[in-house]
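# Whatever this is, show me its structure:
(one chain, ligands or ions: 1)
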Amino acid sequence: MSGYIQEDLSPEELAHRARLASSIAGSVRDLIDATVRTEVDEADIDEARRLIEAATAILRKDQLPGPFGIRFNTDGTKRSWGNAVLGRRNPIAPPVVLHHEPDVSWTEVELGAAYEGPAGLVHGGVLALILDQLLGSTAEYQQVPGMTGTLTVRYRKATPLGRIRGEARVDRVDGVKTFVTGTISVDGKVTAEAEGIFILPKWARGDKSDVLRRSVGEG
Ligand SMILES: CCCCCCCC/C=C\CCCCCCCC(=O)SCCNC(=O)CCNC(=O)[C@H](O)C(C)(C)COP(=O)(O)OP(=O)(O)OC[C@H]1O[C@@H](n2cnc3c(N)ncnc32)[C@H](O)[C@@H]1OP(=O)(O)O
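As a prediction, the model looks like this:
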């Protein structure tokens, strides 16, 4: 499957690239929040646009031909830096940082104005996005990975913008299907519940899956 790339970067080079990726994405994320909330006048908007376009031209000087893909390093780490949820290089990713424990995977993340749906509340699609990745990564961490076949979300209470916690556990495995459950909570109260069925696709079964399975964690 194209887009899965094997690399051999030294720890120093990886750390350097990680720092650069986080710093530029963090600046743009801040820009997104500033854009949503700005009240400045037209002259300031015009000036800001001029500067943003100049920054974009600098970044365009040297670009990948397409998306970042998923990159495996020889040290066993994996980088999904373009990922819409986790991507270290991706300013539209919150970004979510996952923590894996033997029985549970979890994240705590701050969702600001850019993730609004109903007034002051997190957009339901954003919660589904985060749950999809959290549940999928949980299956992956437990070595029973797959693509999302079905994701069911039950929104029990409104989720205010701000800090949320997500948790997920593998419930059971049935052949190529992994059933994962999870929750979003705020201040210890569950606001959304999900179940995902993650299916190891045909192209990834057999020897291929062992190669992909060897990588652990996000670099
Ligand atoms: C070590 C190997 C690694 C592999 C890599 C896997 C990639 C994981 C990457 C990173 C993981 C961490 C990130 C995850 C989070 C982000 C996830 C996403 O955003 S994924 C994008 C959105 N989802 C899609 O685009 C899927 C599109 N659909 C498909 O590709 C296929 O329909 C697929 C893979 C879901 C199933 O197709 P088939 O041909 O491979 O599977 P068949 O053999 O037909 O079915 C197998 C079993 O699954 C059931 N099944 C099939 N589709 C189902 C569905 N949609 N829901 C529930 N069950 C389904 C069938 O009834 C069958 O069950 P019975 O074995 O008979 O009991």
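
# So which bits of the chain are right by the ligand?
132-133, 136-137, 140, 145-150, 175-177, 197, 199-202, 204, 209, 212-213 (Cβ under 6 Å from any ligand atom). Heads up, the C-betas are built off the backbone N, CA and C, glycines and all.

# Any quick ChimeraX command for the buried ones out of the residues you listed?
Buried subset of the residues of the chain next to the ligand, written as a ChimeraX selection, criterion 16 or more other Cβ atoms under 10 Å:
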select :132,133,136,137,140,145,146,176,177,197,199,200,204,209,212
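
# what distance separates the start and the end of stretch 104-124?
End-to-end distance for stretch 104-124, by Cα to Cα, to the nearest Å: 23 Å.

# same thing with stretch 108-117?
Counting by Cα to Cα, you get 19 Å between the two ends of stretch 108-117.

# Give me the buried positions along that stretch.
109, 111-112, 114-115.

# Show residues contacting it.
Contacts to stretch 108-117, defined as Cβ atoms under 8 Å, 6 or more residues apart in numbering, come from residues 29, 32-33, 36-37, 92, 94-97, 122-126, 130, 161-166.

# what's the answer for stretch 88-104, then?
For stretch 88-104, contacts defined as Cβ under 8 Å, 6+ apart pick out 18, 21-22, 24-26, 28-29, 31-32, 68, 79, 81-87, 105-107, 109-111, 114-115, 130, 133-134, 137-138, 141, 166-169, 217-218.

# same thing but 7 Å
With contacts defined as Cβ atoms under 7 Å, 6 or more residues apart in numbering, stretch 88-104 is touched by 18, 21-22, 25, 28-29, 32, 68, 81-87, 105-107, 109, 111, 130, 133-134, 137, 141, 167, 169.

# Keep only those of those residues that are in strands.
105-107, 109, 111, 167, 169 (DSSP state E).

# picking up where we left off before, just the ones in strands from the contacts of stretch 108-117, please.
Those of the contacts of stretch 108-117 lying in strands (DSSP E): 162-166.

# Just the buried ones among the residues you listed, please.
Among these, those scoring as buried are 164-166 (criterion: 16+ other Cβ under 10 Å).

# Give me the subset of the contacts of stretch 88-104 lying in helices.
Under the assignment DSSP state H, these contribute 18, 21-22, 25, 28-29, 32, 130, 133-134, 137, 141 to helices.

# out of those residues, which are buried?
Among the ones in helices among the contacts of stretch 88-104, the ones that count as buried by 16+ other Cβ under 10 Å are 18, 21, 25, 28-29, 130, 133-134, 137, 141.

# Could you point out the helix or strand that follows the one helix or strand residue 55 maps to?
Using DSSP states H and E, residue 55 maps to helix 42-59. Later in the chain than helix 42-59, the nearest helix or strand by DSSP H and E is strand 70-73.
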